[in-house]
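Chemist: Build me a structure from this.
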Amino acid sequence: MTEKYLIAALYKFVALPAPSELKQPLYSVCEANDVMGTILLAQEGINGTIAGPEAGLRAVLGWLRSVDAFSDLEVKESWASTPPFYRMKVRLKKEIVTLGVDGVDAANRKGTYVKPEDWNALISEPDVVVVDTRNDYEVSIGTFEGAQNPQTTSFRELPEWVDTKLEAAPDTRIAMFCTGGIRCEKSTALLRSRGYENVFHLEGGILKYLESVPEEESLWRGECFVFDQRVSVKHGLEPGDYDLCHACRMPISDADKENPHYQMGISCPNCFDDHSDQQRARFAERQKQVELASARNESHIAVDVLEAKKRKKARMSNAVGAQTKPES
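Modeler: Numbers count the residues shown, from 1 in each chain. Here you go, the predicted structure:
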């Protein structure tokens, strides 16, 4: 199947005194170019993942880079054969990645970048503490050899782990990593605010490492969870083998699907005991609608969103034409 949807993951920590002024223009340019996904805007910068036809996506990126604050915006690109997102959202937030700690200045106080090709050498040093800043369900399907897992369920829990469980002297070399780079940038800024100065983070995150470092040289083990319809990726950013439980949004393997607690769209081994009968009934009805839509070669959420938008535009155009057509 042709990979016709270009995906762009982007972020930048930069001072945005009035992010609300960008919200509607950004949404409009995305909508006009059939680009979908989510972008967060805050006074500390921008963060998001969007996807669409290549020409449309590049038009949106060009618009973003025309804004002075984003003129040097870096983007990680990948491709998909089906739409990774089904709607466009531009949201205003207090933080572009929520840590919940005041005074963490990621734009000016982050740690030292380490390029993917230099990462293996750093984390192989015996005195370097390696920390995976992602959440536990992400770590569960893949991480770097020897990395500490803070076992967080949200990024907001990381500061408490740093303050109570990180066993490291102030001059310890600490290497942090995350999916695309944004959480580890803020994490190293957090550590510097706590008095740690020898802090490093993987430039471009795991995704750049998997794209750049040959598999035979890699210290990565497993797959990398991603927040779109691919669920996970492997070396070379090839689609991974994991699926998503649509009840709890946790990654699930083929082995999980063989578990008696797995019911497609309703439960998995991770969440079997977590839902009420009312919730299970709602999930079962949703799964029924998904299967009916699939039988019609349609998406449950949208019948190929781009085509649906084109049909909407055509209906509006026809309606206007009918209203203006002179009577015979």
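Chemist: mind listing what's buried in stretch 84-92?
Modeler: P84, F85, M88, V90 (16 or more other Cβ atoms under 10 Å). Heads up, the C-betas are built off the backbone N, CA and C, glycines and all.
Chemist: and the residues you listed, which of them are in strands?
Modeler: M88, V90 (DSSP state E).
Chemist: from the buried residues of stretch 84-92, which is closest to L40?
Modeler: V90 (8.0 Å; Cβ to Cβ).
Chemist: Quick check: beta-bridge partners of the closest one?
Modeler: For V90, the beta-bridge partners are I39 (DSSP bridges).
Chemist: Distance check, it against Y137.
Modeler: With the distance defined as Cβ to Cβ, to the nearest Å, V90 ends up 27 Å from Y137.
Chemist: now the helices for the stretch 51-200 of the chain?
Modeler: 54-65, 106-109, 116-123, 136-139, 158-164, 182-193 (DSSP state H, counting those that start in this stretch).
Chemist: just the ones you listed: most buried one?
Modeler: Across those, averaging neighbours per residue (mean count of other Cβ atoms under 10 Å) puts helix 182-193 on top, at a mean of 25.
Chemist: and it, how far from the chain's centre?
Modeler: Mean-position distance between helix 182-193 and its chain equals 18 Å (Cα atoms, centre = their mean, to the nearest Å).
Chemist: packing partners for that helix?
Modeler: strand 5-13, helix 106-109, helix 158-164, strand 173-177, strand 199-202 (3 or more Cβ pairs under 8 Å, 6 or more residues apart in numbering; DSSP states H and E).
Chemist: any chance of these in TSV, with mean pLDDT and distance to R282 too?
Modeler: Below are the helices and strands packed on helix 182-193 laid out as TSV (pLDDT from 0 to 100; distance: least, Cβ to Cβ, whole Å):
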stretch	mean pLDDT	distance to R282
strand 5-13	94	30
helix 106-109	94	39
helix 158-164	97	33
strand 173-177	98	37
strand 199-202	98	40
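Chemist: can you list those in CSV and add distance to F144?
Modeler: Putting the helices and strands packed on helix 182-193 into CSV (distance: least, Cβ to Cβ, whole Å) gives the following:
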stretch, distance to F144
strand 5-13, 20
helix 106-109, 22
helix 158-164, 17
strand 173-177, 7
strand 199-202, 9
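Chemist: between these, which gets nearest to V226?
Modeler: strand 5-13 (8.4 Å).
Chemist: Just want the angle from the next helix or strand after that closest one to helix 54-65.
Modeler: Under the assignment DSSP states H and E, the closest C-terminal helix or strand after strand 5-13 is helix 20-32. Counting by axes from the mean of the first three to the mean of the last three Cα atoms, to 10 degrees, helix 20-32 lies at 170 degrees to helix 54-65.
Chemist: Helix 20-32 - contacts with which helices or strands?
Modeler: Against helix 20-32 (3+ Cβ pairs under 8 Å, 6+ apart) you get strand 36-42, helix 54-65, strand 88-92.
Chemist: Which of the ones you listed sits closest to D254?
Modeler: It's strand 36-42; of those, that one is closest to D254 (Cβ to Cβ) at 28.1 Å.
Chemist: between the helices and strands packed on helix 20-32, which gets nearest to R183?
Modeler: Judging the helices and strands packed on helix 20-32 by Cβ to Cβ, what sits closest to R183 is strand 36-42, at 13.2 Å.
Chemist: Using PDB, write out the CA atom coordinates for the closest one.
Modeler: Written as PDB, here are the backbone C-alpha positions of strand 36-42 (Å, rounded to 0.1, in the frame of the first residue of the first chain):
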ATOM      1  CA  MET A  36      -4.900  16.700  11.000                       C
ATOM      2  CA  GLY A  37      -3.400  16.000  14.500                       C
ATOM      3  CA  THR A  38      -2.900  18.000  17.600                       C
ATOM      4  CA  ILE A  39      -0.700  21.000  18.300                       C
ATOM      5  CA  LEU A  40      -0.200  22.500  21.800                       C
ATOM      6  CA  LEU A  41       0.700  26.200  22.200                       C
ATOM      7  CA  ALA A  42       1.900  27.700  25.500                       C
END
